[in-house]
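Asks: How does the following fold in three dimensions:
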Amino acid sequence: MEVSNDGVTWPDPNTFEVSEAPSGTRFELWPTMGTQDPVDNPTLKVFNISEVAGNEGTVYLRFRWKGTWGYAWMVDDVELFETPENDLTLLKTYTGDIVNDYEYYAIPETQVGDIVFGAITANWGYTDQAGSAVEFGITPGGTTFGVDANIAATSIDTLWSEPISVPQTPGVYTLSASVPADDFPTGDTFTKNYEITESVYGHNNDENLVQRGYDIDDEVAIGCTYYMNNNGFAGGVEVLFGSSTDANQDVIAYIYSIGADIQDLEFLGESNDFTITSSMINSGEYVLIPFDGAVELEAGVGYVVEVRKEESGDRLYVLANVLDEDFGTVNYGPFGTGDAVNWYVGWNWTPAVRLNLDPSVAVGDVTENAGIELFQKTPNPADASTIIRYNLPQAAAVTMTVRDMTGRIVTMINQGTMPAGISSIELNTNAMAAGIYSYTLTAGASSLTKEMVVR
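Replies: Numbering: from 1, shown residues only. As a prediction, this is how the structure comes out:
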C-alpha cells in the first residue's frame with residue numbers, strides 16, 4: 001500500500017521494497033509471504049500513515065501487487081480513522097500450538113492432554129503496551145488463565161499460554177479471550193469452540209465449510225496428520241464428501257505412521273473398497289469408512305490418514321475449512337515439481353477427514369462377549385450374500401439384527417436355539433443399498449455388534 005497527499009507524487013513504481021520509498025509512503029502487507037502460504041479470508045491490515053497523512057485535508061491510497069499470481073486478491077472496506085492512544089484488539093485465537101504441534105477442533109477423550117492456547121493480538125494504538133494481558137477462560141468448567149507480553153505500537157503479536165490442563169468430559173467447550181477495556185472496545189473479546197469427543201479426532205470445525213478436492217484423472221488422496229498422546233486403536237476414517245464428488249466410485253481409506261518426515265510413511269492398514277453413494281454426498285453427515293481390522297497406535301507417534309481415489313475420471317471432493325495454519329493437511333498425488341507423485345503438506349485448506357479411534361467400528365476383528373465370538377462376515381464387502389460365523393460356549397437362542405447407519409432395522413433373522421460351537425448365518429444383501437451397516441448377534445442375554453460394507 002502506498003500513500004500520497006496529491007495523487008501525483010508517489011513512490012517510484014519501478015521499486016517495490018519499503019526501504020526504496022520515502023519514509024511513511026509505502027507499507028508491505030505480507031513482508032514474509034511465500035508462494036501458497038495461507039492467509040485469513042478476509043485479512044485485516046492496519047497501518048499508521050500519520051507521517052504523510054497527519055493533519056492533511058486529502059489523502060490518496062493505492063495498492064500494488066508483485067509476485068506469483070494465484071487465485072485472486074481484493075481490497076475492500078478501507079477505513080481512515082484517528083489513531084487512538086490505547087487500542088488492543090484480538091484478531092484470532094488458537095486451541096493448539098500451531099508452531100510446534102497441531103490444532104485440533106475435535107479431540108477424543110482418550111487423547112486429551114494439556115493444551116497450549118494462543119491469541120493473535122494487535123496494538124492499533126500509538127502507545128506501546130507494556131505487560132499487556134490476555135485473559136482466557138474455558139466454559140463449561142471455569143478454567144481461567146492469562147498471558148502477558150509487551151506489544152509495540154501499531155504491531156501484532158501472537159501470545160501463547162503455558163500448557164493448560166483442561167476439562168476432559170465429552171462435550172463442546174468455548175475458549176474466550178479478552179484484553180483490558182481501552183479507547184476502542186471493538187475487538188476486546190474473542191471466542192472459539194472446540195470439542196472433546198468419545199472417539200473422533202478432527203482438525204476441521206463444521207463452520208464455513210467449502211469444497212476442496214480433485215477432478216484430475218490421476219490417483220490422488222486427501223488426508224490429515226494426527227499425533228497420539230496415549231496408546232489406542234484406529235477403527236476407521238470419517239469424511240464429509242462435497243457436492244462435486246462423483247457417486248458410485250470406489251475409494252480406500254489408508255493409515256500410515258510418520259517416520260523422519262512426510263515422505264517417510266509406513267503403511268499400517270486400509271479399508272476395503274468403499275463405494276460412495278449419492279446419499280453420502282453433501283449430506284451434512286460424516287461418512288464412516290471402517291478399516292479392515294483395528295490398527296494399534298502408539299503414544300508420541302504421528303499418523304497420516306487419507307481417503308484415496310484410483311486413477312480415473314471420477315472427482316473426489318471433501319468439505320474443508322479455508323486455512324491450514326498448522327500444516328496438518330496431507331495430500332497424495334502429482335503435486336511436486338514436474339508432476340512428481342508423493343505426499344505433500346502446505347495447503348490452504350483443512351479437510352473434513354477425521355480419525356475414528358473406536359476399534360469396534362473396524363470390520364476385520366473378532367468381537368467377543370461372555371465367551372461368545374462374532375467373526376467378520378465373508379466376503380467383505382458383500383455383493384449379493386455373505387456368511388456371518390459365530391461361536392457359542394453353550395446352547396442359546398440366537399437372532400441377528402441388521403441396521404443401516406441411521407439405526408433403522410433392515411432385516412432380522414431368528415435362528416431359534418443353536419447348539420454350542422461354531423455356527424453361521426447366511427445374509428442376503430441383494431435388496432440392501434451400498435453403504436455401511438451394523439449387524440448385532442443376540443445369544444441369550446448377550447449381544448455383539450460389528451460393522452459391514454455392502455456394495
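Asks: Which secondary structure state is assigned to Thr43?
Replies: What DSSP: H, G, I helix; E, B strand; the rest coil gives for Thr43 is coil.
Asks: Next, count neighbours for it.
Replies: Neighbours of Thr43 under the rule other Cβ atoms under 10 Å: 10. Yep, even glycine has a C-beta here, placed from its N, CA and C like the rest.
Asks: Quick check: chain neighbours aside, which residue is closest to Thr411?
Replies: With Cβ to Cβ, 6 or more residues apart in numbering as the criterion, Thr411 has its nearest non-adjacent residue at 4.9 Å, and that residue is Val402.
Asks: so what's Asn230 up against?
Replies: Residues counted as contacts of Asn230 (Cβ atoms under 8 Å, 6 or more residues apart in numbering) are Thr110, Gln111, Ala299.
Asks: quick revisit: phi and psi next, for the residue nearest to Thr411.
Replies: Main-chain torsions, Val402, degrees, to the nearest 10: phi -110, psi 130.
Asks: Ranking by neighbours, what's the top pick from the contacts of Asn230?
Replies: Top of the contacts of Asn230 by neighbour count (other Cβ under 10 Å): Gln111, with 22 neighbours.
Asks: Would you mind measuring from that residue to Tyr104?
Replies: As judged by Cβ to Cβ, to the nearest Å, Gln111 and Tyr104 stand 9 Å apart.
Asks: Common neighbours of the two, please.
Replies: Tyr201.
Asks: Look up the closest residue to Glu311, ignoring the ones flanking it.
Replies: Glu311 sits nearest to Glu219 (Cβ to Cβ, 6+ apart), 4.5 Å away.
Asks: whoops, I mixed them up, Val318
Replies: What sits nearest to Val318 in space, not counting adjacent residues and going by Cβ to Cβ, 6+ apart, is Pro351, at 4.6 Å.
Asks: what's the neighbour count on the one you found?
Replies: 31.
Asks: now swap in the one 10 residues further on and tell me
Replies: In terms of burial, Val361 registers 25 neighbours under the definition other Cβ under 10 Å.
Asks: quick one: pLDDT of the residue nearest to Val318?
Replies: Among the per-residue scores, Pro351 holds a pLDDT of 98.
Asks: so who does it touch?
Replies: The neighbours of Pro351, taking Cβ under 8 Å, 6+ apart as the test, are Asn204, Arg212, Ile222, Gly223, Cys224, Val318, Leu319, Ala320, Thr329.
Asks: Contacts only, for Thr399.
Replies: Contact analysis of Thr399 by Cβ under 8 Å, 6+ apart lists Met412, Ile413, Asn414, Gln415, Leu441, Thr442.
Asks: Narrow these to just the buried residues.
Replies: Ile413, Gln415, Leu441, Thr442 (16 or more other Cβ atoms under 10 Å).
Asks: mind checking the SS state of the third one?
Replies: When states are read from three-state DSSP, the local structure at Leu441 comes out as strand.
Asks: I'd like to know how far it sits from Glu451.
Replies: Taken as Cβ to Cβ, the span from Leu441 to Glu451 is 13 Å.
Asks: circling back: would you point out the most distant pair within the contacts of Pro351?
Replies: Greatest spacing in those, by Cβ to Cβ: Gly223 and Leu319 (14.1 Å).
Asks: more crowded one of the two?
Replies: Neighbour count, other Cβ under 10 Å: between Gly223 and Leu319, Gly223 has more, with 27 against 24.
Asks: In three-state terms, label that one for me.
Replies: strand.
Asks: Report the beta-bridge partners for it.
Replies: Glu306, Val330 (DSSP bridges).
Asks: Now for it: which residues touch it?
Replies: Contacts of Gly223 (Cβ under 8 Å, 6+ apart): Tyr254, Val304, Val305, Glu306, Val307, Thr329, Val330, Asn331, Tyr332, Pro351, Val353.
Asks: Would you map out the domains in the protein?
Replies: According to automatic domain parsing, the chain comprises the domains 88-197, 201-360, 366-454.
Asks: for the first one, how far is the first residue from the last?
Replies: Spelled out, that is domain 88-197. 34 Å (Cα to Cα, to the nearest Å).
Asks: for the longest one, same thing?
Replies: End-to-end span of domain 201-360 (Cα to Cα): 16 Å.
Asks: I'd like the distance from it to the chain centre, please.
Replies: From the chain centre to the centre of domain 201-360 is a distance of 10 Å (Cα atoms, centre = their mean, to the nearest Å).
Asks: excluding its backbone neighbours, what's nearest Ser446?
Replies: Per Cβ to Cβ, 6+ apart, closest to Ser446 is Ala370, 4.5 Å.
Asks: Next: Ser423.
Replies: Spatially, and ignoring its direct neighbours in sequence, Ser423 is nearest to Tyr390 (6.1 Å; Cβ to Cβ, 6+ apart).
Asks: Could you do Ala53 as well?
Replies: Sequence neighbours aside, Val59 is the residue nearest to Ala53 in space, at 4.2 Å (criterion: Cβ to Cβ, 6+ apart).
Asks: And Phe267, by the same measure?
Replies: For Phe267, ignoring the flanking residues on the chain, the nearest one in space by Cβ to Cβ, 6+ apart is Tyr256 at 5.6 Å.
Asks: Tell me how many other residues surround the one you found.
Replies: Tyr256: 23 neighbours (other Cβ under 10 Å).
Asks: And it, how far from Glu266?
Replies: Counting by Cβ to Cβ, the gap from Tyr256 to Glu266 is 6 Å.
Asks: how about Gly7, what does it touch?
Replies: Tyr60 are the contacts of Gly7 under Cβ under 8 Å, 6+ apart.
Asks: oh sorry, the question was meant for Gly328
Replies: Per Cβ under 8 Å, 6+ apart, neighbours of Gly328: Tyr102, Glu103, His203, Cys224, Thr225, Val345, Thr350.
Asks: Perfect, that will be all.
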